[in-house]
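Student: No sequence on hand, only this structure:
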């Protein structure tokens, strides 16, 4: 470190390097989640959700300095998940892991398609989303991976549980099939506990995949606006039901349907709730107080929160703020489906709102340019036109599935990271 250099990150990194290293007891295994593995699982009562500023503290991180002095296997064994009350049903079931959707050391949650033993030929396809801290990424400083994995699990489970309680399970999100736990062997005759959720597998691409594969330019521009309106409304409704996504992105929205040829509205599905806020939980600091979902106009007026969807917006709505606001006003300015809040009334009383008038919004135009997500620049749409949709390879799901944290049929089919 240069003399006189005292940035917080470098100081923390130096402190971590100076931590005495503890002799490791356990060898960190290779990622075990592969096709053919059979897990003996039992139902689990998830933790109270925690990990974002909207929750009262329920589980403190043990600290980076302490974590940095241990190998990851030792840390996970000595610092397991927090305890919860035992689930009333302790029955054990065999869960067969099928093909990996997003499995990688260091990616966070691992996602695999799966099926219950004895149900190979019936029932809906399922996805196991496994929050194993052994395979969460640790930076040089040493992150408390148990805390991160437990937070991810608690938030995802809370979101699905609350949607289920509200009677909208499987409507705007994958259907939830419960929270589960299983034991994995480690060391000499020892085991460790791992938690997961099981949800519906949805074979559909994400909005991001349409942009990355240059397919979005082949979708009629009005249809793109209609789909975006669905996305904005679903976000508001999920927030109302207590499952507010804090990572709403193109990679976390699935679109199921033929967008180019079938005029039927597609099914829009949100995935990846490990970074979410269950507003209706007792430990929430910001409970839902509305009698209806918040009006999308309050969220997206003046294109606030819409930046992530720039690659999906057609012109003139992309570059002309008045065209965008006029579209928003036409949809939600007089809607009685959403709540009338003070913020909603404030927007309606602005001069800019009145100046838009009551005429229909402008007709969206076909693209002349497209945003190349790899080169991070706008290019002529003629380049995208070289891609014949009929020649596109079959979609291979890999987002929560390799965006790093999303899930379901595509975290790019369901999505890969997030998680």
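Tutor: Structure received. As the structure is a prediction and not an experimental result, all values here were calculated from the model. Numbering: from 1, shown residues only.
Student: Every contact and neighbour count from this point should use C-alpha atoms.
Tutor: OK.
Student: Quick one: residues contacting residue 138.
Tutor: 106, 144-145 (C-alpha atoms under 8 Å, 6 or more residues apart in numbering).
Student: Out of these, which end up buried?
Tutor: Buried subset of the contacts of residue 138 (neighbour count, 16 or more other C-alpha atoms under 10 Å): 106, 144-145.
Student: Next, residue 134: phi, psi?
Tutor: The phi and psi values for residue 134, taken as degrees, to the nearest 10, are phi -60, psi -30.
Student: Make sure it is actually in contact with residue 77.
Tutor: No: using C-alpha atoms under 8 Å, residue 134 is not in contact with residue 77; the gap is 9.2 Å.
Student: More neighbours: those two, which one.
Tutor: Neighbours per residue, other C-alpha atoms under 10 Å: of residue 134 and residue 77, the larger number sits with residue 134, 24 against 18.
Student: which SS state does residue 177 fall under?
Tutor: Look at residue 177: counting by DSSP: H, G, I helix; E, B strand; the rest coil, its state is strand.
Student: for it, what are its contacts?
Tutor: Applying C-alpha under 8 Å, 6+ apart to residue 177 gives the contacts 197-200.
Student: quick one: low-confidence parts of the chain?
Tutor: Counting by pLDDT under 70, the chain has low-confidence residues at 1-23, 63-69, 119-123, 139-142, 370-371, 373, 382-419.
Student: Please tell me how far the spatially most central residue of it sits from residue 243.
Tutor: In the chain, the residue lying closest to the centroid (C-alpha atoms, centre = their mean) is residue 272, at 2.4 Å. Distance, residue 272 to residue 243, by C-alpha to C-alpha, to the nearest Å: 11 Å.
Student: quick one, strands of the stretch 1-150 of the chain?
Tutor: Along the stretch 1-150 of the chain, the segments classed as strands by DSSP state E, counting those that start in this stretch run 38-43, 93-102, 110-116, 126-131.
Student: Indicate each strand paired with the last one and its parallel or antiparallel sense.
Tutor: This points to strand 126-131. The sheet places strand 126-131 alongside strand 110-116 (antiparallel), strand 190-200 (antiparallel), with pairing taken from DSSP bridges.
Student: starting at the chain centroid, how far to it?
Tutor: Strand 126-131 sits 13 Å away from the centroid of its parent chain (C-alpha atoms, centre = their mean, to the nearest Å).
Student: Kindly report the same for the second one.
Tutor: If you compare the mean C-alpha spot of strand 93-102 with that of the full chain, they lie 20 Å apart, counting by C-alpha atoms, centre = their mean.
Student: Phi first, then psi, for the spatially closest residue to residue 218 that is not a sequence neighbour.
Tutor: Closest residue to residue 218 apart from its sequence neighbours, by C-alpha to C-alpha, 6 or more residues apart in numbering: residue 260 at 6.6 Å. Torsion angles at residue 260 (phi, psi; degrees, to the nearest 10) stand at phi -90, psi -30.
Student: isn't residue 260 right up against residue 219?
Tutor: Yes: counting by C-alpha under 8 Å, residue 260 does reach residue 219; the two are 5.2 Å apart.
Student: thinking residue 97 is in contact with residue 111, fair?
Tutor: No: counting by C-alpha under 8 Å, residue 97 does not reach residue 111; the two are 9.7 Å apart.
Student: between those two, which one's more packed in?
Tutor: It is residue 111, of residue 97 and residue 111, that has more neighbours when counted by other C-alpha under 10 Å, with 39 against 22.
Student: This protein: helices as residue ranges?
Tutor: Under the criterion DSSP state H, the chain carries helices at the ranges 8-18, 64-68, 72-78, 145-165, 207-212, 221-240, 296-300, 321-332, 342-348, 351-355, 381-385, 411-414.
Student: Export the ones you listed to a markdown table and append columns for distance to residue 90.
Tutor: Formatted as a markdown table, those follow (distance: least, C-alpha to C-alpha, whole Å):
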| stretch | distance to residue 90 |
| --- | --- |
| helix 8-18 | 42 |
| helix 64-68 | 33 |
| helix 72-78 | 23 |
| helix 145-165 | 19 |
| helix 207-212 | 40 |
| helix 221-240 | 31 |
| helix 296-300 | 43 |
| helix 321-332 | 48 |
| helix 342-348 | 48 |
| helix 351-355 | 58 |
| helix 381-385 | 54 |
| helix 411-414 | 30 |
